[in-house]
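Q: structure, please.
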Amino acid sequence: MSFGTSSHASPLILDDIRGAQKMLSGVARMTAMEGSRHLTALVGAPVHLKCENLQRTGSFKLRGAYVRIAGLSPEERAAGVVAASAGNHAQGVALASTLLGVRSTVFMPMGAPLPKVAATREYGAEVRLAGQVVDETLAAAQEYALDTGAVFIHPFDHLDIIAGQGTVGLEILEQCPEVKTVVVGIGGGGLAAGIAVALKALRPDVKLIGVQAQGAAAYPPSLRAGRPMAIDAPQTMADGIKVGRPGDVPFQIVQELLDEVRTVSEDALSRALLLCLERMKLVVEPAGASPVAALLSDPKAFKGPVVAVLSGGNVDPLLMQRILRHGMAAAGRYLSLRLRVTDRPGALATMLGVLSVADANVLDVSHVRTDPRLGLGEADVEVHLETKGPEHCTEVATALRTAGYTILG
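A: Numbering: from 1, shown residues only. Prediction:
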C-alpha cells in the first residue's frame with residue numbers, strides 16, 4: 001500500500017533522536033550490518049541486514065525503554081515502572097530499569113515461553129503472570145499502575161520510546177550511507193516511526209517500506225481511514241508484530257513519512273526465518289524476519305542498496321522447531337506422504353529402500369495396521385521426508401508410484 005504525506009508536522013524531530021543516541025552511548029550496541037549474497041542475487045542490488053537480533057536483550061526494544069525510563073522524574077523513578085509484554089519489551093524494560101536503578105514489574109501472559117520469562121527475571125524485573133492473551137495482561141499491568149503509582153511503560157505509544165528506536169535509523173545511515181531502501185517490520189509502529197523521522201530528516205530520498213503479517217495487518221486499513229483502526233483477533237506466528245491496533249503517536253508519524261506498507265504470508269515468514277538461519281547463520285524471530293520475507297516475496301520491487309532491519313532474535317526453541325519445519329515445507333524441502341502398503345514382513349523395509357534410492361531423508365515413520373478403512377492384509381504408512389526442493393518432491397512421489405505404491409495424501 002502506498003500513501004501520500006500528511007500536512008501535519010511530525011511530533012518528533014531529528015534532535016530528539018540524536019539526543020536519544022547520546023543517552024544510549026555505552027548502553028545499546030551499534031549492531032552489525034551484514035551483507036547477504038543470496039538476497040543480493042535475488043534483488044539484483046546489494047542487500048544488507050541490520051542485526052538488531054544481536055542487540056542486548058535480543059531486540060531493539062532496549063533502546064526505547066532506556067530512553068523512556070531515563071526521562072522519568074526522581075519521583076516517578078522512586079515509584080517504579082510496570083510493563084506488559086510477551087517477550088521483547090519485557091526484557092528491554094527489565095534491563096533498562098536495572099541499569100538505571102529503577103524497580104520494575106513486568107506482567108506476562110500465563111502461556112509466555114519459559115525462556116522469555118526466565119530472561120526477564122534475570123534482567124532484574126519482578127515477573128507476574130496474568131491473563132491468557134496480551135490484552136488481559138495489559139489490563140492487569142495498567143490496574144497495577146493505578147493501584148501502586150508505578151509508571152506504565154508502553155511498548156510503542158510514547159515519543160521517548162520512538163526517539164530511542166529511531167537511533168536504529170541513524171546507525172543505518174552511518175553504516176550504509178549509500179542506502180536507497182530501508183525495509184522494517186511494523187507492529188504498533190514505534191520502530192518504523194523512529195527510523196522514519198531519522199531517515200527523512202537526513203535522506204528524504206530513501207524509501208522506507210513497512211512490513212506486516214497478513215493476519216495482523218492493522219496499518220493498511222488504518223492508513224486508508226486516516227486514523228488508527230483495530231482489527232479483530234490478529235493471527236500470526238510473528239508475535240513481535242502481532243498488534244491489533246496502531247499506536248496513536250507512531251501512527252501520525254507513519255502516515256506522514258512512510259512510503260509503503262506491504263504484507264507477507266506465514267509461509268513467507270517461515271521461509272525467511274529458515275533462510276536467515278541456514279544462509280546467514282543468524283537466529284531471527286518471525287517478526288524480525290518479516291523484511292526478509294518481503295524481499296523473498298517480491299525481490300524485484302526494491303531499489304538497492306537495501307537495508308532490511310532484523311528487529312529481534314528472541315524465539316522460543318519449541319516454536320523455532322515448528323517454524324523451521326513449516327519453512328522447509330513451504331520451500332518444498334519437507335514432504336509428508338501417506339501410503340497404502342501390503343501388510344507383510346519386509347514391506348516397510350522395501351518401501352524405505354525405494355526412498356533411499358530416491359535420495360530422500362526419512363525423518364519419521366508411522367505404521368498403522370488397525371483401522372476400519374483398511375482391508376485385510378493392508379496397512380497405512382505415514383512418512384515425513386526431508387527433500388532437496390519441489391522438483392525432488394515430484395521425483396520421490398514418482399519413484400513410489402512407479403514401485404507400485406498408492407499415495408493417499
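
Q: and what about the residue nearest to the spatial centre of the chain, helix, strand or coil?
A: Closest residue to the average C-alpha location of the chain: A287 at 0.9 Å, with CA atoms, centre = their mean. Counting by DSSP: H, G, I helix; E, B strand; the rest coil, the backbone at A287 sits in coil.

Q: where does this protein dip in pLDDT?
A: 1-10, 133, 327-328, 330-332, 343, 367-377, 409 (pLDDT under 70).

Q: all strands for the stretch 301-409 of the chain, in order.
A: Per DSSP state E, counting those that start in this stretch, the stretch 301-409 of the chain carries strands over the ranges 306-310, 334-342, 361-368, 378-386, 406-407.

Q: export those to TSV and tack on distance to E260 and mean neighbour count?
A: For every residue, glycine as well, the C-beta is placed using N, CA and C. Converted to TSV, the strands of the stretch 301-409 of the chain look like this (distance: least, CB to CB, whole Å; neighbours: other CB atoms under 10 Å):
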stretch	distance to E260	mean neighbour count
strand 306-310	13	29
strand 334-342	32	16
strand 361-368	40	12
strand 378-386	37	18
strand 406-407	43	12
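
Q: distance to M320 for those strands - can I get that in CSV?
A: Below are these laid out as CSV (distance: least, CB to CB, whole Å):
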stretch, distance to M320
strand 306-310, 15
strand 334-342, 15
strand 361-368, 16
strand 378-386, 17
strand 406-407, 30
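
Q: tell me which of these lies nearest to R245.
A: Checking the strands of the stretch 301-409 of the chain against R245 by CB to CB gives strand 306-310 as the closest, at 22.1 Å.

Q: picking up where we left off before, can you pull the contacts of the residue nearest to the centre of the chain?
A: Going by CB atoms under 8 Å, 6 or more residues apart in numbering, A287 touches G185, G187, A238, D239, G240, I241, K242, S311, G312.

Q: relative to strand 306-310, how tilted is the top helix by length along the chain?
A: If you go by DSSP state H, the chain has its longest helix at helix 159-175. Using axes from the mean of the first three to the mean of the last three CA atoms, to 10 degrees, the direction of helix 159-175 lies 140 degrees away from that of strand 306-310.

Q: pretty sure K200 sits against L208.
A: Yes - the criterion here is CB atoms under 8 Å, and K200 meets it with L208 at 7.5 Å.

Q: which residues are in contact with each of these two?
A: If you check K200 and L208 against CB under 8 Å, 6+ apart, the residues they both contact are L257.

Q: which residues sit against the helix or strand harbouring A145?
A: For A145, the element it lies in under DSSP states H and E is helix 134-148. Residues from elsewhere that reach helix 134-148 (CB under 8 Å, 6+ apart): 79-80, 82-86, 105-109, 128, 130-131, 150-152.

Q: and it, how far out from the chain middle?
A: 25 Å (CA atoms, centre = their mean, to the nearest Å).

Q: if you count neighbours, what's buried in it?
A: By 16 or more other CB atoms under 10 Å, the buried positions in helix 134-148 come out as V134, T137, L138, A140, A141, Y144, A145.

Q: need the nearest residue in space to L72, chain neighbours excluded.
A: Excluding its sequence neighbours, the residue lying closest to L72 (CB to CB, 6 or more residues apart in numbering) is V151, at 6.1 Å.

Q: give me the neighbour count for that neighbour.
A: By the criterion of other CB atoms under 10 Å, V151 has 20 neighbours.

Q: S97 now?
A: Neighbour number of S97 under other CB under 10 Å is 25.

Q: and it, what is it in contact with?
A: Shown in contact with S97 (CB under 8 Å, 6+ apart): A65, I69, V81, R103, S104, G124, A125.

Q: for the residue nearest to the fourth one when sequence neighbours are not counted, give me its contacts.
A: With CB to CB, 6+ apart as the measure, G80 is the residue that lies nearest to R103, at 3.8 Å, once sequence neighbours are left out. Contact analysis of G80 by CB under 8 Å, 6+ apart lists V102, R103, S104, T105, T148, A150, V151.

Q: list the helices and strands the helix or strand the fourth one falls within packs on?
A: If I follow you right, that is T105. In this structure, T105 is located in strand 104-108 according to DSSP H and E. Strand 104-108 sits against strand 81-84, helix 88-100, helix 114-122, strand 126-129, helix 134-148, with contacts defined as 3 or more CB pairs under 8 Å, 6 or more residues apart in numbering; DSSP states H and E.

Q: what about 6 Å?
A: Secondary structure elements in contact with strand 104-108, counted by 3 or more CB pairs under 6 Å, 6 or more residues apart in numbering; DSSP states H and E, are strand 81-84, helix 88-100, strand 126-129, helix 134-148.

Q: okay, angle between that strand and helix 114-122 too, please.
A: Using the same axes, to 10 degrees: strand 104-108 against helix 114-122 is 170 degrees.

Q: strand partners of strand 104-108, parallel vs antiparallel please.
A: Next to strand 104-108 in the sheet, as set by DSSP bridges, lie strand 81-84 (parallel), strand 126-129 (parallel).

Q: which of those is buried the deepest?
A: strand 81-84 (a mean of 29; mean count of other CB atoms under 10 Å).

Q: what does that one contact?
A: For strand 81-84, the external contacting residues (CB atoms under 6 Å, 6 or more residues apart in numbering) are 69, 93, 97, 102, 104-107, 137-138, 141, 144-145, 150-153.

Q: and the spatially closest residue to L257 that is not a sequence neighbour, what does it touch?
A: Nearest residue to L257, sequence neighbours excluded (CB to CB, 6+ apart): A196, at 3.9 Å. Shown in contact with A196 (CB under 6 Å, 6+ apart): L208, I253, L257, L258.

Q: same question for V183.
A: For V183, the contacting residues are I209, P291, A294, A308, by CB under 6 Å, 6+ apart.
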